[in-house]
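Visitor: below are the sequence and a predicted model for it; my questions follow.
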Amino acid sequence: QSALTQPASVSGSPGQSITISCTGTSSDVGGYNFVSWYQQHPGKAPKLMIYEVSNRPSGVSNRFSGSRSGNTASLTISGLQAEDEADYYCNSYTNSITLVFGTGTKVTVL
Amino acid sequence: QVQLVESGGGVVQPGGSLRLSCAASGFSLNSFGMHWVRQAPGKGLEWVAFIQYDAGHIYYADSVKGRFTISRDNSKNTLFLQMTSLGPEDTAVYYCAKDGRRYPYGTHFDSWGQGALVTVSS
């Protein structure tokens, strides 16, 4: 199972909105509602930000939102803040009954 | 609150074996599936294995199938990962993670441990 494709880096100024894409196939991202997103700060464990495409866990800021169109899922961060600077990974269930991560995206707040 | 604490990491020679443990608290371990996820130094996340709440369904990534075994002891609130035939490519921080649903397959990871470093080197 190949990793899902994410841009290596995305940047934005404080207050702006950015979107991170996660491209797979109909065998993973496009075929199931189990797409999730994780935030990871350096040296820390990942943190769940979005699950089942667009659901936000309690305690996660409503500035984070998820969506999907075809085989591409997206994470949008609105009102970008300095604390949002981190690595972000998508994940999807696959038709092999396994899970696969994206390649990861480094978000930089300018 | 949910707490997951990994242990058992360390340095092992190529071809060797190691067993990781993950002590769970703050929730009923016997109600949820659990995962192991790893991250090689400076690299991205890689899903390793999933075990259903009662060990009825178990799945592995192709990269570890036949070499790693995931298991659990619900009576001791502990998850395990037995790793054999280790190679340099297995060097990584290994995280245990709780699944967010009570399904017989993995869906997403809603809680994570702090990770245990495994280094495979001679």
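Guide: Looks like it came in fine.
Visitor: what about the residue of chain A positioned farthest from its centre, which SS state?
Guide: For chain A, the largest distance from the centre (C-alpha atoms, centre = their mean) belongs to A:S96, which lies 21.3 Å off. Of the three states, A:S96 takes coil under DSSP: H, G, I helix; E, B strand; the rest coil.
Visitor: next, count neighbours for the nearest residue to it once chain neighbours are set aside.
Guide: In this structure, A:S96 finds its nearest non-sequential neighbour in A:Q1, 6.2 Å apart by C-beta to C-beta, 6 or more residues apart in numbering or on different chains. Just so you know, the C-beta spots here come from the backbone N, C-alpha and C atoms, and that holds for glycine as well. Using other C-beta atoms under 10 Å in any protein chain shown, A:Q1 is surrounded by 18 other residues.
Visitor: quick one, what contacts A:Q1?
Guide: A:Q1 is in contact with A:28, A:94, A:96, A:98, A:100, B:61-62, counting by C-beta atoms under 8 Å, 6 or more residues apart in numbering or on different chains.
Visitor: now render those residues as a markdown table, adding distance to A:L48 and pLDDT.
Guide: Formatted as a markdown table, those follow (distance: C-beta to C-beta, whole Å; pLDDT from 0 to 100):
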| residue | distance to A:L48 | pLDDT |
| --- | --- | --- |
| A:D28 | 18 | 97 |
| A:T94 | 19 | 96 |
| A:S96 | 22 | 94 |
| A:T98 | 19 | 96 |
| A:V100 | 16 | 98 |
| B:A61 | 20 | 97 |
| B:D62 | 25 | 97 |
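Visitor: adding distance to B:G9, write those out as TSV.
Guide: Formatted as TSV, the contacts of A:Q1 follow (distance: C-beta to C-beta, whole Å):
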residue	distance to B:G9
A:D28	30
A:T94	28
A:S96	28
A:T98	24
A:V100	24
B:A61	19
B:D62	23
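Visitor: top of these by number of neighbours, please.
Guide: A:D28 (25 neighbours).
Visitor: ok, that residue - contacts?
Guide: Counted by C-beta under 8 Å, 6+ apart, A:D28 has contacts A:1, A:4, A:92-95, A:100.
Visitor: that one and chain B: what is the separation?
Guide: Counting by C-beta to the nearest C-beta, to the nearest Å, the gap from A:D28 to chain B is 12 Å.
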